[in-house]
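J.: here are the coordinates; sequence isn't available:
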């Protein structure tokens, strides 16, 4: 794998992990279209480490306040955009509750998610279906609730929807955002809760395989530079994308992302059918 390919993979991961367009779909389609080699498990770990650093770097003050609130500790972080957090002292436990469905389903579906579900027809179909659902949620959601009003029903429903992100093409941020809109959360509140809820699962996808991998011998010498570069690129791009997206959703709709998903899905299905007929 060339350094150019490493950079492109890192950019795609940083963009698609935090925009509601599915990183798994794009990272599965990209090497097939470009005839690039499969980046492999080691590089997949690097990309997840990078996006974990991005989301923690952007939301670390939120996490400090959420944990402090849960245990009655004064954190000294009282900026205006975190007032909502102080009004919901149960948010840490709600995030833990919401994480459980995704962790359980991800564990049970791991083999299928890494095997038979990674086919272009399924990816194209999920991009279209969940793009259409996102469009409906954008139109139907009343957007009148913030983080201070999130309850265990919200957390469980959004967490169950996050479990579907194990299916390539669904998009973790996309499905949780969509569910938040159906629960009448403000768009930016749904995005913020989505990113907070994704953090433990991204951490699991990054840290657990990394620990296991280190026990089996560590990185091959020729993977050390691509691994480090993949972390840096995906972390920088991811942090920039989170900042952009959080500003975007305060004023603008998700419809452009829904349209992109539908068009991307149509192209992927067309490619899959063409390859099938040609084969």
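T.: Okay, I see it. As the structure is a prediction and not an experimental result, all values here were calculated from the model.

J.: Mean pLDDT per helix and strand in this structure: which one sits at the bottom?
T.: helix 83-86 (a mean of 83; mean pLDDT, DSSP states H and E).

J.: Report the next helix or strand after it in sequence order.
T.: helix 91-108 (DSSP states H and E).

J.: in stretch 226-236, what counts as buried?
T.: 226, 227, 229, 230, 231, 232, 233, 234, 235, 236 (16 or more other C-beta atoms under 10 Å). The C-beta positions use only the backbone N, C-alpha and C, and glycine is treated the same way.

J.: Doesn't the first one belong to a helix?
T.: Yes - when classified by DSSP: H, G, I helix; E, B strand; the rest coil, residue 226 is found to be part of a helix.

J.: Give the closest residue to it in space, chain neighbours not counted.
T.: Counting by C-beta to C-beta, 6 or more residues apart in numbering, residue 6 is the residue found nearest to residue 226 once chain neighbours are left out, at 4.6 Å.

J.: If you tally nearby residues, what's the number for residue 205?
T.: Per other C-beta atoms under 10 Å, the neighbour tally for residue 205 reads 19.

J.: does it really touch residue 50, like I thought?
T.: No - in this structure, residue 205 is not within contact of residue 50 by C-beta atoms under 8 Å, at 11.5 Å.

J.: Show me what the helix or strand hosting residue 190 is packed up against.
T.: For residue 190, the element it lies in under DSSP H and E is helix 187-215. Where contact means 3 or more C-beta pairs under 8 Å, 6 or more residues apart in numbering; DSSP states H and E, helix 187-215 is packed against helix 40-70, helix 91-108, helix 152-163, helix 172-182, helix 224-251.
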